[in-house]
Each structure stands twice: as C-alpha cells, then as structure tokens.
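Student: Fold the following for me, if possible:
(2 chains)
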Amino acid sequence: NAGVTQTPKFRVLKTGQSMTLLCAQDMNHEYMYWYRQDPGMGLRLIHYSVGEGTTAKGEVPDGYNVSRLKKQNFLLGLESAAPSQTSVYFCASSYLRDNEQFFGPGTRLTVL
Amino acid sequence: AQSVAQPEDQVNVAEGNPLTVKCTYSVSGNPYLFWYVQYPNRGLQFLLKYITGDNLVKGSYGFEAEFNKSQTSFHLKKPSALVSDSALYFCAATGTASKLTFGTGTRLQVTL
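Tutor: Residues are numbered from 1 along each chain as shown, chains lettered A, B, ... in the order given. From the prediction side, this is the model:
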C-alpha cells in the first residue's frame, strides 16, 4: 500500500497564479483532511471531507477550495495565490473521525 | 474553543536518560488524545492515542503517555531516550463532535 500520496512535492508560484494540489489514499478511508504547517503554529486545518462528494471548512479555509469527487482523492485548489499562502501543505486521511490520521509527505509551496 | 498547549518549544535530553514532552488540552466532553512525530521533510507519523481506559498508554518505538484528567494533561514519556528519537513531536486533541486540534509542536533533541 502506498498510503497517502501528494503531488507535487514542491511548487513555486507567482502572486495571482492558481494551482491544484492532489492527495490520494489507498486505504479506503472515509475522512480526508488538508492542513497547512507554518513555523511556530503547528498544523492548522484548512478543509476536510467526511466522505465522497462532501467537503467542509476547517480553521483557515479562506483562499482555498476543495473537491472530493472520488473517495480516494482530495484536491486542494488555490484560485489566486498570495504570499501568505507560502507554507507546507499536508494531506491526511482516517477511517473514522476519532481514529488516527495517516499523513502524506507534504507539498512545499512558495508564493512570490 | 478547544485548544492544545505544548509549553516547551524544545526539550534537550542526553541519550539513555528518560524524556518527557508536555501537553495540556482543553476540549468539550471526553477527550480523544494523540501524539504524532515528524522527522525532517516528512509527514507526521502516529505514535499513540488515548480514547478511554487505562491512563497509561503505550505506543510505538517505546513511547508511552500518561492521561491525567484532573490536570487535563497528556505528557509523552520514554524511559531511555535514543539519538534517533530526535524529531518534532505534536500533541493533538479533540472532544465531542469536534475536529482534531494540534499543538504547536516540541522539538526533541537527544545528544550523546
């Protein structure tokens, strides 16, 4: 099993550009999450999904959109990137809400 | 709002000595508590969790954590530290019908 995979691993954007981050899991998990990690701030939840076709806002959703068209995939979109979105983005999945989460390797995004 | 506090940014310990990484939490209802570890340029890995039952929880790599309801704490411990334990450790908590909240992380440095 590959677990949770994320593409791309690195990306540099200019302000105003758009991009999509892809997360895939092969564990048949219902729950999927997108976090951002910034120095001194831990992980903050951007959006999450409790099943195929559903999404919900987390702690810091502004400037991001998500979609979960297939159970195994969870996409994070930035419509108009801003320097404040420079961060490391992690995707995670879990079988149930209170089960441990499995994390992907992360995407390092720099917005110039 | 729920919160997780890790009061130490860094913990330094000599190899072979016991280690403790502190965590306190504030959630509504019964807490679900987790510890994760992050090695450089990697995603978070699950170490252990407390849902209910015995206050002393054993996890991966010889780590354990003690749940203390009266002090709302969930400190991570290991009897004998290894240099390879050096990493960033995150405590996380959730309560009734809530999403997981992470602490800001504690860097553990184990030296020879």
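
Student: residues contacting A:Leu45?
Tutor: Counting by CB atoms under 8 Å, 6 or more residues apart in numbering or on different chains, A:Leu45 touches A:Tyr33, A:Trp34, A:Tyr35, A:Gly58, A:Glu59, A:Val60, B:Lys99, B:Leu100. To be clear about C-beta, it is placed using only N, CA and C from the backbone, and glycine gets the same treatment.

Student: Please, which helix or strand holds the residue sitting nearest the centre point of chain A?
Tutor: Closest to where the C-alpha atoms of chain A average out (CA atoms, centre = their mean) is A:Trp34, at 3.0 Å. Using DSSP states H and E, A:Trp34 sits within strand A:31-38.

Student: contacting residues around that strand?
Tutor: Under the contact criterion CB under 8 Å, 6+ apart, strand A:31-38 has outside partners A:21, A:23, A:25, A:43-51, A:58, A:60, A:64, A:66, A:68, A:74, A:76, A:87-97, A:101, A:106.

Student: follow-up on the earlier one: model confidence for the residue nearest to the centre of chain A, exactly?
Tutor: pLDDT for A:Trp34: 97.

Student: Roughly how far does A:Asp98 sit from A:His29?
Tutor: 13 Å (CB to CB, to the nearest Å).

Student: let me redo that: B:Ala81
Tutor: 33 Å.

Student: Equivalent analysis for A:Tyr48, please.
Tutor: To A:His29, A:Tyr48 is 12 Å away according to CB to CB.

Student: quick revisit: mind listing the residues bridging to the residue nearest to the centre of chain A?
Tutor: A:His47, A:Cys91 (DSSP bridges).

Student: ok, back up a step: between the contacts of A:Leu45, which has the most around it?
Tutor: Sorting the contacts of A:Leu45 by how many neighbours each has (other CB atoms under 10 Å in any protein chain shown) puts A:Tyr35 first, at 29 neighbours.

Student: Tell me how far that residue lies from B:Thr111.
Tutor: Taken as CB to CB, the span from A:Tyr35 to B:Thr111 is 30 Å.
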